[in-house]
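> need a 3D model of the sequence below.
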Amino acid sequence: MTTLSTRHSLPTATEIASARESSRALAACLQVSAETQHIEIFDAKGAAHAVRVPVSALRLLLDALAEISEGNAVSIISAHAELTTQEAADALNVSRPFLVQLLERGEVPFHKIGTHRRIRYQDVIAYKERIDAERRKALDALAEQAQMLNMGYE
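Sure thing, here's the model as predicted:
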C-alpha cells in the first residue's frame, strides 16, 4: 500500500533559500548522459559517505528543489498508487463531489473496494493531461479569433 506524505506545509524562508542554492549546484553538475552519479553525503560527525544515485532520482530531486525554491510544498506519489476520492480531488484541485461526478460519468476510471472508490494515480494524471490539452486548444482558438478581430492582442 502506498502512503502519501502528510506534510503539506509551505517551506520556510531558510528552506527556500537553501533549495534555490542547492538546485543551482545540482543542475550545474548533473550528468544527464550517465545512468548514475556519485554524490557525497556527510553524517552528523562530518564524515563523508559516497552514494551512487540514479540520474533519474537526481532529476526528481532537482524538480523538487526547484518547486521548494519557488515557495511551493512538494509531495511524492508513486505512479502505481491508488488514491481515495479526496486524494484524487486534491491532486486535480477540485472538490470531492465534483470528482465523484467525473467518476460516475466515466470520465475517470475507478474501481471499488467494498463501498469505497479507488482511482489509480496514472488515471488521474491522464485525465488532467487530457483536460489541459483541451483547455490549451480552446485558448489557442480564442487567441486566434481575437487576433483576426483586431482586438489588440498582437
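> please name the nearest non-neighbouring residue to Glu35.
Val55 (6.1 Å; Cβ to Cβ, 6 or more residues apart in numbering). (Each C-beta comes from the backbone N, C-alpha and C, glycine too.)
> show me where the chain has strands.
In the chain, the strands defined using DSSP state E lie at 36-42, 48-54, 82-83, 111-113, 116-120.
> point out the most buried one among these.
Across those, averaging neighbours per residue (mean count of other Cβ atoms under 10 Å) puts strand 82-83 on top, at a mean of 20.
> for Ala47, which residues are in contact?
For Ala47, the contact set (Cβ atoms under 8 Å, 6 or more residues apart in numbering) is empty.
> which other residues reach stretch 106-125?
77-85, 88, 91-92, 99-100, 102-103, 127.
> mind giving me the domain split of the chain?
Here the domain parsing of the chain from automatic domain parsing is 13-69, 82-148.
> what about the longest one, average pLDDT?
Right, the one you point to is domain 82-148. Mean per-residue pLDDT for domain 82-148: 94.
> try stretch 54-67
93.
> buried residues in the longest helix along the chain?
When the chain is parsed with DSSP state H, its longest helix is helix 121-148. The neighbour-count check on helix 121-148 (16 or more other Cβ atoms under 10 Å) flags 121, 123-124, 127 as buried.
> what of stretch 73-81?
By neighbour count on 16+ other Cβ under 10 Å, the buried set for stretch 73-81 is 77, 81.
> could you check the angle strand 116-120 makes with the longest helix of the chain?
Going by axes from the mean of the first three to the mean of the last three Cα atoms, to 10 degrees, helix 121-148 is angled at 70 degrees with respect to strand 116-120.
> distance from helix 121-148 to the middle of the chain?
A distance of 18 Å separates the centroid of the chain from that of helix 121-148, by Cα atoms, centre = their mean, to the nearest Å.
> residues contacting Pro54?
35-36.
> and it, what are its bridge partners?
Here Pro54 sits in beta bridges with Thr36, as judged by DSSP bridges.
> could you check how far it is from Gln122?
Computed as Cβ to Cβ, to the nearest Å, the Pro54 to Gln122 distance reads 21 Å.
> equivalent analysis for Asp140, please.
27 Å.
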